[in-house]
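Chemist: Mind looking at a prediction? Sequence and model below.
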Amino acid sequence: MPARILIVEDSPFVTDAFRVLLTAAGYEVDAAATVAEAIERGTSAPVDLMLLDLTLPDGSGLEILDALRKRGSLPRATLAMTGHNDSASRRSCFEAGCVDVLLKPVPIGELLRQIERHLA
Amino acid sequence: MSMSERLDSAPTKRLKTLEAQAKEAQRTIDELRARDALKTQFLSNVSHDLRTPLAAIITHAEILREGMLGDLNPKQRDSLSGIVSGGQQLIDMIDEILTYVRSASDQVSLVRTDFDITELVDQVRMLNQALAAKKHLTIERLNGDDLPPVYADRDKVKHVLANLIGNAIKFTPDGGRVWIGFSRRGRDGEDLVVEVGDNGRGIASDNYDLVFREFAQVDASPSRPHHGTGLGLAIARNLVELHSGTIWVESELGKGSRFYFTLPHNPPRD
């Protein structure tokens, strides 16, 4: 069975691009555009890996990790994606439980390698 | 009105006029500040909103280029590579505008830690090695092996170094030299001076101030050989001044430029 990836991203442009990429790479893809939607999608079926945008319309992406942890539905791995490459925001991602922080736009080769590595 | 009343009323009138003028000036200052804040917010929003769809365009072009949706011929692949690298260049320019907006606003704060500045310089040299190799330039670090740790904001100092070294590479012709050196300044040598030098085209002394001004390039004509936002040195100036340091240039046309910035040796600990 293919691994299930949840894309959490409020821009439909970016979600579309990742959906095309990850589907072509053979993954099962689901998407959410808000914190509330991500918590709902993340608890309705087990997620293997979450691609997490940090700035969402109803809050910070990192809140999702807390909520899923409390519900016992934490994905095996979460990769944060951000437009800001400063060490303070990287640190808060790692503290919240992300396995890595990727700078947008993430080159697709690197994204696929990271996903493969964390699902292995 | 008696003579003495008339004499009294003249200074009172003058005082009232001055007070009115001061109030008017304050109103203008407040209004300009509010407009400046609005401009900053606008630039920040537009930059962020441009970045997101652009990131998606680049990803879509990469998916096609890598043949994930079907085979391509070499010409189609080259064309998609053009979209990817043009998009990446735009992202870099948008990031520069965002960094400038942040560095110029009052909200930005320093996160100071102790770090090895020679290691940081070497890291920025490594990051620029490929670009320098394309132009057959050398980037050397002249000294600094025995420097004690610097207490400053590492990310921001890295940004200053990257902008100065990037600029030096950009304005130095093929086969030239770029170097980074350290010295001390102040009565007890309390300030660290970082120098980024090159033997490139140089800057006329009339333009020393202009290069640090936002959106300014010495050659701003549409046919100028070096394009960019013209924000790199303005960002460097803001970030250095945030550290209570100073930045300046010494240069001569045709003989290269030396950019210097200082970092106070013992800033107050947070």
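Modeler: Great, that's in hand. The structure presented is a predicted model; accordingly, all values stated were derived computationally and were not measured. Residues are numbered from 1 along each chain as shown, chains lettered A, B, ... in the order given.
Chemist: Please enumerate the helices of chain A.
Modeler: Taking DSSP state H, the helices of chain A run over residues A:12-24, A:35-44, A:62-70, A:87-96, A:108-119.
Chemist: okay, and the helix or strand of chain A with the least pLDDT?
Modeler: Least confident helix or strand, chain A: helix A:87-96 with a mean of 86, by mean pLDDT, DSSP states H and E.
Chemist: name the helices or strands packed onto that helix?
Modeler: helix A:62-70, strand A:77-82, strand A:100-103 (3 or more C-beta pairs under 8 Å, 6 or more residues apart in numbering or on different chains; DSSP states H and E). For the C-beta atoms, the positions are set from N, CA and C on the backbone; glycine is no exception.
Chemist: Can you tell me which residues in chain B are near chain A?
Modeler: By C-beta under 8 Å from any C-beta of the partner chain, the residues of chain B that approach chain A are B:48, B:51-60, B:62-63, B:66, B:68-69, B:87-88, B:91, B:111, B:154-155.
Chemist: Let's see which of those end up in helices.
Modeler: Going by DSSP H, the helices hold B:48, B:51-60, B:62-63, B:87-88, B:91, B:154-155 from the residues of chain B next to chain A.
Chemist: now those: which count as buried?
Modeler: Using 16 or more other C-beta atoms under 10 Å in any protein chain shown as the burial test, these include B:51-52, B:54-60, B:62-63, B:87, B:91, B:154-155 as buried.
Chemist: show me what contacts the most centrally placed residue in chain B?
Modeler: Centrality entry for chain B: nearest residue to the mean C-alpha point is residue B:235, 2.2 Å, by C-alpha atoms, centre = their mean. Contact analysis of residue B:235 by C-beta atoms under 8 Å, 6 or more residues apart in numbering or on different chains lists B:96, B:99, B:100, B:103, B:159, B:160, B:163.
Chemist: Pull up the gap between the first one and chain A, please.
Modeler: Same thing as residue B:96. To chain A, residue B:96 is 13 Å away according to C-beta to the nearest C-beta, to the nearest Å.
Chemist: so who does that residue touch?
Modeler: Residue B:96 makes contact with B:228, B:229, B:231, B:232, B:235, according to C-beta under 8 Å, 6+ apart.
Chemist: where does it land on pLDDT?
Modeler: pLDDT recorded at residue B:96 is 84.
Chemist: Sticking with it, tell me its helix or strand.
Modeler: helix B:74-104 (DSSP states H and E).
Chemist: re earlier: so where does the residue nearest to the centre of chain B fall, helix or strand?
Modeler: Taking DSSP H and E as the definition, residue B:235 sits inside helix B:232-242.
Chemist: Give the burial count for residue B:168, as a bare number.
Modeler: 27 (other C-beta atoms under 10 Å in any protein chain shown).
Chemist: tell me the contacts of it?
Modeler: B:178, B:196, B:197, B:198, B:200, B:257, B:259.
Chemist: Helix, strand or coil: sort out it for me.
Modeler: Secondary structure for residue B:168, judged by DSSP: H, G, I helix; E, B strand; the rest coil, is helix.
Chemist: Phi first, then psi, for the residue lying closest to it once chain neighbours are set aside.
Modeler: Sequence neighbours aside, residue B:198 is the residue nearest to residue B:168 in space, at 3.9 Å (criterion: C-beta to C-beta, 6 or more residues apart in numbering or on different chains). Here is the backbone geometry of residue B:198 (degrees, to the nearest 10): phi -150, psi 160.
Chemist: pLDDT of the helix or strand that contains residue B:21, averaged?
Modeler: If you go by DSSP H and E, residue B:21 is part of helix B:3-65. Mean per-residue pLDDT for helix B:3-65: 87.
Chemist: how much space between the one residue sitting closest to the centre of chain A and residue B:242?
Modeler: The structure's chain A has its C-alpha centroid closest to residue A:51; by C-alpha atoms, centre = their mean the separation is 1.6 Å. Separation of residue A:51 from residue B:242 (C-beta to C-beta, to the nearest Å): 34 Å.
Chemist: Over to residue B:169?
Modeler: With distances taken as C-beta to C-beta, residue B:169 is found 25 Å from residue B:242.
Chemist: Those two: which is more packed in?
Modeler: Neighbours per residue (other C-beta under 10 Å) separate residue B:169 from residue B:242, with residue B:169 holding more: 19 against 16.
Chemist: For that one, give me its contacts.
Modeler: By C-beta under 8 Å, 6+ apart, the contact list for residue B:169 reads B:128, B:131, B:132, B:135, B:137, B:139, B:178, B:198.
Chemist: redo that, cut-off 6 Å
Modeler: Shown in contact with residue B:169 (C-beta atoms under 6 Å, 6 or more residues apart in numbering or on different chains): B:131, B:132.
Chemist: residues from chain A in reach of chain B?
Modeler: With C-beta under 6 Å from any C-beta of the partner chain as the criterion, chain A comes near chain B at residues A:11, A:13-14, A:17, A:20-21, A:24, A:83, A:86-88, A:104-105, A:108.
Chemist: Just the buried ones from those residues?
Modeler: Among these, the ones that count as buried (16+ other C-beta under 10 Å) are A:11, A:13, A:14, A:17, A:20, A:21, A:24, A:83, A:104, A:105, A:108.
Chemist: Let's have those in TSV, adding pLDDT.
Modeler: Formatted as TSV, these follow (pLDDT from 0 to 100):
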residue	pLDDT
A:11	89
A:13	87
A:14	90
A:17	91
A:20	93
A:21	93
A:24	92
A:83	75
A:104	84
A:105	84
A:108	92
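Chemist: farthest-separated two in these?
Modeler: Greatest spacing in those, by C-beta to C-beta: A:24 and A:83 (24.6 Å).
Chemist: so what's residue 15 up against?
Modeler: Using chain A here. The contact partners of residue A:15, by C-beta under 6 Å, 6+ apart, come to A:7, A:9, A:31.
Chemist: and if we set it to 8 Å?
Modeler: Counting by C-beta under 8 Å, 6+ apart, residue A:15 has contacts A:7, A:9, A:31, A:33.
Chemist: which among those gets closest to chain B?
Modeler: residue A:9 (9.2 Å; C-beta to the nearest C-beta).
Chemist: what is the closest residue to that closest one other than its chain neighbours paired to in the beta sheet?
Modeler: Distance criterion C-beta to C-beta, 6+ apart; nearest residue to residue A:9, sequence neighbours excluded, is residue A:53 at 4.3 Å. When bridges are called by DSSP bridges, residue A:53 pairs up with residue A:81.
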